[in-house]
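In: please work out how this folds:
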Amino acid sequence: MARRRIGILTGGGDVPGLNSVIKSVVYRGWERGLEVVGIRKGFEGLTHLDLADPASRAHYIIELNRDNTRTIDRHGGTFLHSSRVGPATVRELPAHLAGQSFPSHVGKGGMTYDLTSQVLENLDGLGIDGLLTIGGDGTLKSAAQLNRLGVKVVGIPKTMDNDVQSTEYCIGFSTAITRATAAIDRQRTTIGSHERIGVFRVFGRDAGFTALYAAHVTSNRCVIPEYPVDLEKLIDLLVTEKRTNPSSYALVILSEGATWKGYEVQEYGRPDAMGRRRKASVGEVLAEEIQSRSGEETIVSDLTYDLRSGEPDFLDKLVASTFGTMALEALLDGAHGLMSAIVEGCYELVPIPDPSLGPRKVDVATMYNVERYRPLYGNKRHWPIFLTRVPPAPAGLP
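Out: Sure thing, here's the model as predicted:
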C-alpha cells in the first residue's frame, strides 16, 4: 500500500516560527509513516509548477525528512520560502501555460488569472492527499476555496498583526512584540539624549494589536486603525509628556494603518499579488505634523521588517510546533476545512474563517483608552492572556 503524502506550504509574509511548524509536521509525520512534501514559494509552487519539467519540480518541490529539517527551527524566515501568490489571483501566466485559457478578472491591480484548476491538477499529479497551509488571511482564503473543491486542507494561522478571525493568537505575534519592545527601549537613550519625541511605526494594516501590545509593555501611547484620534489632542499629550518628563522625551507607537480625523492613509507603488499597494509611512506624516504644530523635534523609526526578522522567541516556538502537530493530526483523523487556533486561552481546532469576515479587530471598548490614547491596563481578571476572546469552536469538531 502506498504511503500517504501530505503537502505543506507557507504563504504571504514570513514570520518567526514558520520553521517550527514545518519541523513538527515532518517529525510527527515520520512517526506515523507519512511522506511530507514541501511546496516552495507558497501557492506559486502549485500554480507555476510544470510536472513535466524536472527543473521546475526541483525548483518548487522538496521531499522533507528528519535530516533536512533537523535544525531549521533554530532560524527565522521559512525554509520553504514564500510568496503572495493566490491560486485565483495570478498576475502573469507561467511560460508553460502561455496561450492557454483560464478565467480572468480585471481589478484595481490589473488583470489576474484564476489557476485553481492548475493547483488541483498538480496536487493530483504529486499524489498529495492532504495539504497544510501556513499563512494569514490571503493564504487561508485560498485554503478555504480549495477545501470547498474537495482538497483536504487544514490551515495554520500566522501573522504579526494577530488579526486572523477565530483565534486569539497567530504565529509570529509574540516575537514581533519582543522585537518591538527591545528596539523601543534601546532607542530611548538616543531620543532622550536629544530631547525629542520618538515616533515608531509597526505592522498593522487593518488591526492595531501589534502597536497596542507594544505600547502596553513599554508604557507608551499608541494610535491604531480602529480609532481615529484627534490630532491636536495627540500632539498636546505628547508635548506635555515630553516637557514634564524628567528625561525630556516622549514616545508614540503607530500601526501602519493608523489614522486621525481628517487624514487618509496614503498608498504608493505597484499592487502586490493580493492587489494591495504599500502604505506611505504614517510615522513620517505624524512627525512632520508634530514639528510644524509644536516646534518639537522628532525622531522617526520604522520597525516593520525588523519585527519579522531573526529567530522566534519561546512562545512562538511553542505555539508553532503545537499548531503544526494539531493540524497534521486533524488530517490523519480524516478532518479538514479546519484551522489550528487558540480559543479562550486553550488550543483548539476551528473552521477556517469565512473570508468575508475580514481581519479581526481590536475591541476599542475593552482594550484602548480613547482619552489618553493608551492601552487599558485594568480589569483583566478572567480575560485570556491576549486580552481578547473569540467564540468557542462549534460542537462536533474532532
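In: what about P225, how many residues nearby?
Out: 24 (other C-beta atoms under 10 Å). The way it works is simple: take the backbone N, C-alpha and C, and place the C-beta from them, glycine included.
In: can you check the one 10 residues further on too?
Out: I235: 22 surrounding residues under other C-beta under 10 Å.
In: repeat that for P157.
Out: Here the count is done by other C-beta under 10 Å, and P157 has 31 residues near it.
In: am I right that R186 falls within a strand?
Out: No. Under the criterion used here (DSSP: H, G, I helix; E, B strand; the rest coil), R186 is helix, not part of a strand.
In: which stretches in the stretch 201-350 of the chain count as strands?
Out: Defined through DSSP state E, counting those that start in this stretch, the strands belonging to the stretch 201-350 of the chain, from first to last, are 221-223, 250-255, 267-268, 278-279, 298-302, 338-343, 346-351.
In: could those go into JSON lines alongside distance to T325 and mean neighbour count?
Out: Below are the strands of the stretch 201-350 of the chain laid out as JSON lines (distance: least, C-beta to C-beta, whole Å; neighbours: other C-beta atoms under 10 Å):
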{"stretch": "strand 221-223", "distance to T325": "35", "mean neighbour count": "26"}
{"stretch": "strand 250-255", "distance to T325": "32", "mean neighbour count": "28"}
{"stretch": "strand 267-268", "distance to T325": "39", "mean neighbour count": "10"}
{"stretch": "strand 278-279", "distance to T325": "36", "mean neighbour count": "16"}
{"stretch": "strand 298-302", "distance to T325": "36", "mean neighbour count": "18"}
{"stretch": "strand 338-343", "distance to T325": "9", "mean neighbour count": "25"}
{"stretch": "strand 346-351", "distance to T325": "10", "mean neighbour count": "17"}
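In: please name whichever of these is nearest to K41.
Out: Distances from K41 to each of the strands of the stretch 201-350 of the chain were compared using C-beta to C-beta; the minimum, 20.8 Å, belongs to strand 278-279.
In: which stretches of this protein form helices?
Out: In chain order, the chain shows helices spanning 18-31, 44-47, 54-60, 66-69, 116-125, 137-148, 173-193, 209-218, 231-244, 282-294, 304-307, 314-332, 364-367, with DSSP state H as the criterion.
In: and those helices, which is most packed in?
Out: Per-residue neighbour counts averaged over each of the helices of the chain give the maximum for helix 44-47, namely a mean of 26 (mean count of other C-beta atoms under 10 Å).
In: out of the helices of the chain, which is closest to R374?
Out: Closest to R374 of the helices of the chain is helix 209-218 (C-beta to C-beta; 6.4 Å).
In: gap between G99 and G17?
Out: 41 Å (C-beta to C-beta, to the nearest Å).
In: do the same with D137
Out: As defined by C-beta to C-beta, D137 lies at a distance of 17 Å from G17.
In: average pLDDT across stretch 88-100?
Out: Predicted confidence along stretch 88-100 averages 93 (mean pLDDT).
In: in that stretch, what's buried?
Out: For stretch 88-100, a neighbour-count test (16 or more other C-beta atoms under 10 Å) marks 88-90, 93, 97 as buried.
In: ok, the residues you listed vs G13, which is closest?
Out: Using C-beta to C-beta as the measure, the one of the buried residues of stretch 88-100 that approaches G13 most closely is T89, at 16.0 Å.
In: next, format the helices of the chain as JSON lines and append mean pLDDT.
Out: Output for these, formatted as JSON lines (pLDDT from 0 to 100):
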{"stretch": "helix 18-31", "mean pLDDT": "97"}
{"stretch": "helix 44-47", "mean pLDDT": "97"}
{"stretch": "helix 54-60", "mean pLDDT": "98"}
{"stretch": "helix 66-69", "mean pLDDT": "97"}
{"stretch": "helix 116-125", "mean pLDDT": "97"}
{"stretch": "helix 137-148", "mean pLDDT": "96"}
{"stretch": "helix 173-193", "mean pLDDT": "96"}
{"stretch": "helix 209-218", "mean pLDDT": "96"}
{"stretch": "helix 231-244", "mean pLDDT": "97"}
{"stretch": "helix 282-294", "mean pLDDT": "95"}
{"stretch": "helix 304-307", "mean pLDDT": "90"}
{"stretch": "helix 314-332", "mean pLDDT": "97"}
{"stretch": "helix 364-367", "mean pLDDT": "92"}
